[in-house]
Each structure stands twice: as structure tokens, then as C-alpha cells.
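Participant: from the sequence below, what's the structure:
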Amino acid sequence: MGISTKRGDAGFTSTLSGKRVPKHHIVTEAVGAVDEANSLLGLARASVKEKKIKRIILQTQKHLFTIGAELSLCGSSSRKLESKIGIDDLKWVERLVDELEDALSLPPGFVAFGQEITSSHLDVARTGIRKVERIVVKMCSEGYIENTFTVKYLNRISDLLFLLAAYEEKSENGRKGLSLSSLTVHLNDSFFRKWFILGTVTIVSLVITIFLLLLFHKPSTNLSYDVIKHMENMHSPAGS
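Facilitator: This is a model prediction of the structure:
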């Protein structure tokens, strides 16, 4: 299939459910806003240097793909999705927000970012997420989507991006002592989580097996008849 299908030349496009809607439809606006926010996050990810922050942004981008699919399916059709934003995703963001809030001393009031290019990119991405949030709230009020976790997640993500931008504004000396938990970042990734759990279970099983072998294995003290006879002959007088 080529990039240009020419099916949108009349101002209509298809949703994931196959429905044709105008390009000014709220569903199209929502999916377009998600696409825009994801691109802004990609720019932010390319500009930051710390791997932990790159990982956080990448995971957020994956979540936005999930949100985009849910919005494109609209309403009851979204129940067919294998993956939707849920409580685990929301808790993941909230843990990161709590970690950064505890580590950063933020001044009261508004913050004008622009001291660092990376913080500016993160701040622009934050405004992109806010745009998605506004459209999704409207979709919820009009009955297009029922997943309340989606709105909550978007709200928390904008908070997270604000804090990450503030972190990027810190000088090298100001960043000392600030750290993000790599376990918190990675455990939300289902692929990583599956192999982490599998590896942990394997290691624990090996330890238990070795312990049981050492506990119940006793060296055999029984000697065969031929060995005992040979030892007796060795100790008996010659020619007896």
C-alpha cells in the first residue's frame, strides 16, 4: 500500500472502525492532536541526554499510540482493543511525578522555560498534551469514549513533562542527588516486566533447588563387599 491513497482528497478520512468522517470531525481532531503531541515528544526525546528520561518519554509515546487507537475506534468499538490506558499506567506516571516533586525545589508561581533547549522541547510537548486533553475531555462529555483513565493519564503526563522540563533546567551541580528510579521507569513496559518476572522466578527456583539438594543429600557410607574384602586382605599378615 502506497503512502498516498488519494482517499482523503474530498476532505474525509477513515477511522480504525472503518467509518468515514470529515477531517474536521472531533475524532479526527483528537487523533491529529495525539499525532502532533507524539511528534513533539519525539523531538524532546532526541534532545535530552539522560537515558532514564529518554526511556520515560519513549514509554509515554507508546501510551499515546494506545490512546490514538482508542480515540479512532470511538465509543463501544474501543472495547475490542487488546490494550487501553488503565490504572497501572496511571500509577506509573504518578510515581514518577512524586519522585520528581520530592527531588526538585520548584519556586511558586509560573515558570518561563527557555534556559535550555531540552527543557523548551519538553515544555512545548507539555502544551501538546494539554491540547489532546482538552479534546478528549470534550469527547468524554459528548459520549464518544468511556475510559476515564485516559483523561486522568493525560492530565498527569502534562505534570510529568513540566517536572522533567524543570529537571532539564537544573545545572550539573543542581542535578547532583537527583535520581529517577530505573525500576519505576521500566516495570511499566510489559515486555520488560514479563522477562523480569520470568528471570526472578528462574533464579529463585534454582536457589531453592540447590538448597534442597544440599539439605537432603547425604554422602553414602556403605561400602561394597569387594571393597571391604580387599581392605581386609591388605591388613592381614602375609601368607596367613
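Participant: where along this protein do the helices fall?
Facilitator: Counting by DSSP state H, one finds helices in the chain at the ranges 26-47, 51-73, 87-103, 117-141, 148-169, 172-175, 182-186, 190-216, 225-235.
Participant: residues near Ala37, how many?
Facilitator: Using other Cβ atoms under 10 Å, Ala37 has 29 neighbouring residues. The C-beta positions use only the backbone N, C-alpha and C, and glycine is treated the same way.
Participant: which residues are in contact with it?
Facilitator: Leu64, Ala125, Gly128, Ile129, Lys131, Val132 (Cβ atoms under 8 Å, 6 or more residues apart in numbering).
Participant: pLDDT score assigned to Ala44?
Facilitator: With respect to pLDDT, Ala44 scores 95.
Participant: mind listing what it touches?
Facilitator: Per Cβ under 8 Å, 6+ apart, neighbours of Ala44: Ile57, Thr118, His121, Leu122, Val124, Ala125, Leu161.
Participant: tell me the most packed of those, by neighbour count.
Facilitator: Counting neighbours by other Cβ under 10 Å, Leu122 leads the contacts of Ala44 with 30 neighbours.
Participant: neighbours around the residue lying closest to that one once chain neighbours are set aside, how many?
Facilitator: Closest residue to Leu122 apart from its sequence neighbours, by Cβ to Cβ, 6 or more residues apart in numbering: Ala165 at 3.9 Å. Ala165 is flanked by 22 other residues according to other Cβ under 10 Å.
Participant: ok, Ala165 - contacts?
Facilitator: Val111, Phe113, Ser119, Ser120, Leu122, Asp123, Arg126.
Participant: tell me how far the second one lies from Val34.
Facilitator: Taking Cβ to Cβ, to the nearest Å as the measure, Phe113 falls 23 Å from Val34.
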